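**Student:** Need coordinates for the below:
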Amino acid sequence: MTGPDLPGIGGLSQAYLSGRRTAAAVLEDTLARIAAADGALCAFAAVDADRARRAAAAADAELKIGRWRGPLHGVPIAVKELFDVEGLPATYGSRARAGAVAAADAGLVRRLRRAGAVIVGLTRSHEFGWGITTQHPDGTGTRNPCNPDFVPGGSSGGSAAAVAAGLVPAAVATDTGGSIRIPTALCGVAGIKPTFGRIPRDGCVPLAPSLDTPGFIARTPADLVPLLEATAGWSAADPATRIPGMAVPGPWTAALDGRRVGVSPDLLGAAMAAPHAAAYQRALDVLAGLGAAIVELRLPSAAEYREVFGAIQMAEAYDVHHRRLGLFPARAADYGEDVRRRFEAAASVGLGTYFAARERRPHLVTALEVALDSVDVLVTPVNPGTPPRRADPDHVIAPDGTRLPFRDVIMGYTVPQNLAGVPAVTIRAGTDELGLPCGIQLTAARGRELSALRLAEVLGREL
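**Tutor:** Down below sits the predicted model:
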């Protein structure tokens, strides 16, 4: 179910500028691929074909008169259904908002359109973004393009599956506790969770506002760069965007002499299956072979990060749905069972628990920030084993044969970056015995997205 030889953003941009391809023709190919494959894949929640055709035609007309908006000009891009796209459903993957339609584009979507992107539709999310499997209350669910018997991860599973299957070259996503990195790793593509506040969130339904981070999924780390550059920056609609600019590294070659790559046994949570441990070690060996120094960093445990994260996420999510949206518990029966259970549990998180977690958070954040300041990147796994099968989406089988909650196995690897608000880039590092990807993430200090992306590109070419 993996996709055809679809050019990435860079390839499409060159083809348009050379006159070898037109945006209109590429869009028709894109729509045809979606129509042919998505009935089985279930990556899309809605397709905006008519408006996309008008945008592609306008992109071609501009190119004919010499106007080029940049590398996203005429490129088809999908948007996670947690973002508003004018005229498309605004249900956020839930029956609790059945019939809702977006009145205007989210800020990120407006910025993509200004950069020349052609928005083709909405990709599926786990309901309200609170889940890591992208299986839906109506009984449908997105499949993993690498093996359709397995989940694609979540909550940005539709975006990752659409890119991995070759339906679109890139897609918008969000990450609150791993929702970009988990599906990116499970589907074998590239993704970035930027620095918290790098990209405005207006027009995106929140899950936990102090953790939510928009980002992107694409074929390669290089293709993530123009998406980030087109959308990053201050917005009056989102005070969190008041952060310094991105640090721009010098040009990197395959030689990494003088670079420092951090590893931390403290952040290795659940035990890794043998193929995933081997893929992780191979990535470190490749980096060392290119001249990087591998530096061991001591940090608080993955369990400590997850405990604090859990209290903050649950309290903030309940507040959003109870006070701001007015949906829970008033419309509790319309939520999917798994998400409803999470909100029921979140209702019992008291102010004392929440503020205690908020008090512990700076200590954990400072420890990670100090460590990141001493290295170029920190390299850790994302998925320590094979993902769940769709028949039992919330559980995995551990290396010792134990059936465990999927969240307990994987989220210890992903939540430290959300608590600290630091950027992380995910790439494929190998393949397990079932043909499913093994993913790793490169975490950098705040503002160093481009450094992480460039190093990920160097590493990805060697793996």
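**Student:** Would you map the helices across the stretch 151-300 of the chain?
**Tutor:** 157-164, 181-187, 221-231, 274-289 (DSSP state H, counting those that start in this stretch).
**Student:** Below-threshold pLDDT in the stretch 101-250 of the chain: ranges please.
**Tutor:** Counting by pLDDT under 70, the stretch 101-250 of the chain has low-confidence residues at 250.
**Student:** run the last query once more with 90
**Tutor:** Across the stretch 101-250 of the chain, the ranges flagged by pLDDT under 90 are 136-140, 242-250.
**Student:** Grab the most central residue of this structure for me.
**Tutor:** For the chain, residue 180 is the residue whose C-alpha lies nearest the centre (C-alpha atoms, centre = their mean; 1.7 Å).
**Student:** related to what we said a few turns ago, quick one, which of the helices of the stretch 151-300 of the chain gets closest to residue 334.
**Tutor:** helix 157-164 (20.5 Å; C-beta to C-beta). For the C-beta atoms, the positions are set from N, CA and C on the backbone; glycine is no exception.
**Student:** Need the single longest helix in this protein, by residues.
**Tutor:** In the chain, with assignment by DSSP state H, the single longest helix is helix 351-373.
**Student:** Pull the residues that contact whichever helix or strand comes after that helix.
**Tutor:** Downstream of helix 351-373, the next assigned helix or strand under DSSP states H and E is strand 377-381. With contacts defined as C-beta atoms under 8 Å, 6 or more residues apart in numbering, strand 377-381 is touched by 261-264, 267-268, 272, 276, 280, 283-284, 287, 297, 371-372, 413, 438-444, 451-452, 455.
**Student:** what's the domain layout of this structure?
**Tutor:** For the chain, automatic domain parsing gives the domain ranges 9-241, 260-462.
**Student:** Point out the most buried one among those domains.
**Tutor:** domain 9-241 (a mean of 23; mean count of other C-beta atoms under 10 Å).
**Student:** ok, now how distant is the residue sitting furthest away from the middle of the chain from residue 58?
**Tutor:** Among the C-alpha atoms of the chain, the one farthest from their average position, using C-alpha atoms, centre = their mean, is that of residue 65, at 36.0 Å. As judged by C-beta to C-beta, to the nearest Å, residue 65 and residue 58 stand 11 Å apart.
**Student:** what do you get for residue 15?
**Tutor:** Distance from residue 15 to residue 58, by C-beta to C-beta: 18 Å.
**Student:** Confirm residue 72 sits in a strand?
**Tutor:** No. Counting by DSSP: H, G, I helix; E, B strand; the rest coil, residue 72 is not found in a strand; it is coil.
**Student:** and it, what is it in contact with?
**Tutor:** Here residue 72 is in contact with 9, 13, 112, 115, 116, 117, 226, 227, 230 (C-beta under 8 Å, 6+ apart).
**Student:** So in terms of bridging, what pairs with residue 296?
**Tutor:** Beta bridges link residue 296 to residue 263, judged by DSSP bridges.
**Student:** In terms of pLDDT, where does it sit?
**Tutor:** Each residue has a pLDDT score; the one for residue 296 is 98.
**Student:** residues contacting it?
**Tutor:** Neighbouring residues of residue 296 by C-beta under 8 Å, 6+ apart: 262, 263, 264, 265.
**Student:** What's the separation between it and residue 169?
**Tutor:** Counting by C-beta to C-beta - residue 296 and residue 169 are separated by 38 Å.
**Student:** next one: residue 405
**Tutor:** The spacing between residue 405 and residue 169, counted by C-beta to C-beta, is 34 Å.
**Student:** before we move on, what about residue 432?
**Tutor:** From residue 432 over to residue 169 (counting by C-beta to C-beta), the distance is 26 Å.
**Student:** now residue 363
**Tutor:** Residue 363 sits 41 Å away from residue 169, going by C-beta to C-beta.
**Student:** Now do the helices in the stretch 1-150 of the chain.
**Tutor:** 9-18, 23-41, 49-64, 107-114.
**Student:** can you redo those as CSV with distance to residue 190?
**Tutor:** Below are the helices of the stretch 1-150 of the chain laid out as CSV (distance: least, C-beta to C-beta, whole Å):
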stretch, distance to residue 190
helix 9-18, 11
helix 23-41, 19
helix 49-64, 24
helix 107-114, 18
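**Student:** Among those helices, which comes closest to residue 207?
**Tutor:** Using C-beta to C-beta, these put helix 107-114 closest to residue 207, at 15.8 Å.
**Student:** could you say what helices and strands that closest one packs with?
**Tutor:** If contacts are counted by 3 or more C-beta pairs under 8 Å, 6 or more residues apart in numbering; DSSP states H and E, helix 107-114 sits against strand 76-80, strand 118-123, strand 170-175, helix 221-231.
**Student:** May I see these organised as CSV, with distance to residue 425 added?
**Tutor:** CSV is the format used below for those (distance: least, C-beta to C-beta, whole Å):
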stretch, distance to residue 425
strand 76-80, 18
strand 118-123, 20
strand 170-175, 12
helix 221-231, 6
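**Student:** which stretch among those comes nearest residue 52?
**Tutor:** strand 118-123 (4.9 Å).
**Student:** With only the CA atoms kept, save that closest one in CSV.
**Tutor:** Listed next in CSV are the C-alpha coordinates belonging to strand 118-123 (Å, rounded to 0.1, in the frame of the first residue of the first chain):
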residue,chain,number,x,y,z
VAL,A,118,-2.7,24.0,-3.1
ILE,A,119,-4.8,22.7,-0.2
VAL,A,120,-6.4,19.5,-1.3
GLY,A,121,-8.4,18.5,1.8
LEU,A,122,-8.5,17.3,5.4
THR,A,123,-6.6,14.3,6.7
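**Student:** partners of that strand, with directions?
**Tutor:** Strand 118-123 pairs in its sheet with strand 44-47 (antiparallel), strand 76-80 (parallel), by DSSP bridges.
**Student:** which one of these lies closest to residue 95?
**Tutor:** strand 44-47 (13.0 Å).
**Student:** For the closest one, give me every contacting residue.
**Tutor:** By C-beta under 8 Å, 6+ apart, the surrounding residues in contact with strand 44-47 are 31, 34, 38, 78, 81, 88-89, 91, 93, 120-125, 158, 162, 167.
**Student:** wait, isn't residue 161 in contact with residue 186?
**Tutor:** No. Applying C-beta atoms under 8 Å as the test, residue 161 and residue 186 come out as separate, 9.2 Å apart.
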